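Q: A structural model of the following input is requested.
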Amino acid sequence: MSTGRRAAGVALATASGVAVAGQSRINGELGVRLDDGIAAAVVSFGLGLLALLVLVPATPAGRRSLAALRAALADGSLRPWQCLGGVCGAFVVAAQGLTIGSLGVAVFTVAVVAGQSGSSLAMDRWGVGPTGRQPVTAARLAGAALTVLAVLLAVGDRLGDPRTLGLALLPLLAGVGIAWQQAVNGRVRVAVGSALTATGVNFAVGTVALLVAFAVDVAVRARPGGALPGEPWLYLGGPIGIVFIAIAAAIVRFTGVLLLGLATIAGQVVGAVLLDVLLPTAASHPGPATLLGAVLTLVAVLVAALAPVRGSAR
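A: Below is the predicted model of the structure:
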């Protein structure tokens, strides 16, 4: 595997992680404005899906990849369950809308990290992603553990509140799902030859899941009490998600699930800290420990990157 491609993949994943921190803030604020986190997730995912429904069929390569998707599902080279990564993506976006208004971006991130780090190790060990099975080496394990410790340090002063711990359960579970989502989306990308089409599958499945959840939500709690906001920036969560999912689907075969996850986490923490410092909210409390934790996440990625990626076919 090319070291240059791996390094480029890590850089792209880190940059996309910064964008995801922005998406978290956007979807969290949209959830507050709509007074319903699931409604905010439907808006975010739905807009992303609409964009992809235009972009993917618009090019010959996109149309070829759609034909390849149908063929891969028909001949069994791609299993239907491998197309369900969007369900986890939908859950992540719903968790953003439901919890960030109370938790802040930084605490949301630590909960996601705690779930994602261990789950990424498992996905690589079981060979769910396109790189095949990856051994749990000392460097990879140390990188995952250091990432969790670093982010705990970054937001440790916020975790003493029992209400915070209760709300943090949702992003914790979302983090577990992110690793599986990245692994199976990578397999879809390999099967169809297009990261954009793999992203389209992710958004289509996620939108359906969210519409079902929203229908149940309305039946139980009635319609959301908020209204659609007028600020255009509150509708950028979907487009940011397209970029993030497409990048992850394209590069996971070079990095493996764990390194992709850790690099994304580093970007998320740095982005979350910048947002909480530059654009603070009532839930934002960045301090020296937060800044130190953000630096340590970057160190953790470097530690994990020292471990060679050795794929094995299943």
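Q: Hmm, residue 289 and residue 150 touching each other?
A: No. At 10.3 Å, residue 150 does not count as touching residue 289 under the criterion of CB atoms under 8 Å. Bear in mind the C-beta positions are built from the backbone N, C-alpha and C, glycine included.
Q: Look at those two and report which has more neighbours.
A: residue 150 (24 against 14; other CB atoms under 10 Å).
Q: show me where the stretch 1-150 of the chain has helices.
A: 3-34, 37-55, 60-75, 85-126, 138-155 (DSSP state H, counting those that start in this stretch).
Q: Provide a list of residues in contact with residue 101.
A: Listed by CB atoms under 8 Å, 6 or more residues apart in numbering, the contact set of residue 101 reads 28, 29, 31, 32, 283.
Q: on that earlier part again, compare the helices of the stretch 1-150 of the chain and report which one is nearest to residue 208.
A: Across the helices of the stretch 1-150 of the chain, the minimum distance to residue 208, taken as CB to CB, is reached by helix 85-126, at 8.0 Å.
Q: Please state the offset of that closest one from the chain centre?
A: In terms of CA atoms, centre = their mean, to the nearest Å, the centre of helix 85-126 is set 7 Å apart from its chain centre.
Q: how big is the angle separating that helix from helix 138-155?
A: For helix 85-126 and helix 138-155, the angle between their directions (axes from the mean of the first three to the mean of the last three CA atoms, to 10 degrees) works out to 130 degrees.
Q: same question for helix 85-126, mean pLDDT?
A: Helix 85-126 shows an average pLDDT of 79 in the prediction.
Q: could you give the angle of it to helix 3-34?
A: Angle, helix 85-126 to helix 3-34, by the same axes, to 10 degrees: 140 degrees.
Q: ok, and the closest non-adjacent residue to residue 77?
A: Excluding its sequence neighbours, the residue lying closest to residue 77 (CB to CB, 6 or more residues apart in numbering) is residue 191, at 6.1 Å.
Q: now residue 31
A: residue 97 (3.0 Å).
Q: cool, residue 195 as well?
A: Of all residues not flanking residue 195 in the chain, residue 250 sits nearest, at 3.9 Å (CB to CB, 6+ apart).
Q: Report the residue spans of the stretch 101-250 of the chain with pLDDT below the cut-off.
A: Along the stretch 101-250 of the chain, the model assigns pLDDT under 70 to residues 106, 129-132, 140, 151, 154-165.
Q: how about the strands in it?
A: In chain order, the stretch 101-250 of the chain shows no strands, with DSSP state E, counting those that start in this stretch as the criterion.
Q: okay but the residue nearest to residue 77 is in contact with residue 69, surely?
A: Yes. Between residue 191 and residue 69 a contact is recorded at 7.1 Å, counting by CB under 8 Å.
Q: what about the residue nearest to residue 31, distance to residue 179?
A: Remark: distance between residue 97 and residue 179 (CB to CB, to the nearest Å) = 21 Å.
Q: now residue 11
A: 20 Å.
Q: which of those two has more neighbours?
A: Residue environment comparison for residue 11 versus residue 179 gives the larger neighbour count to residue 179, 26 against 13, counting by other CB under 10 Å.
Q: residue contacts, that one?
A: Taking CB under 8 Å, 6+ apart, we find residue 179 in contact with 116, 119, 120, 122, 123, 257, 261.
Q: run the last query once more with 6 Å
A: With contacts defined as CB atoms under 6 Å, 6 or more residues apart in numbering, residue 179 is in contact with 116, 119, 120, 123, 257, 261.
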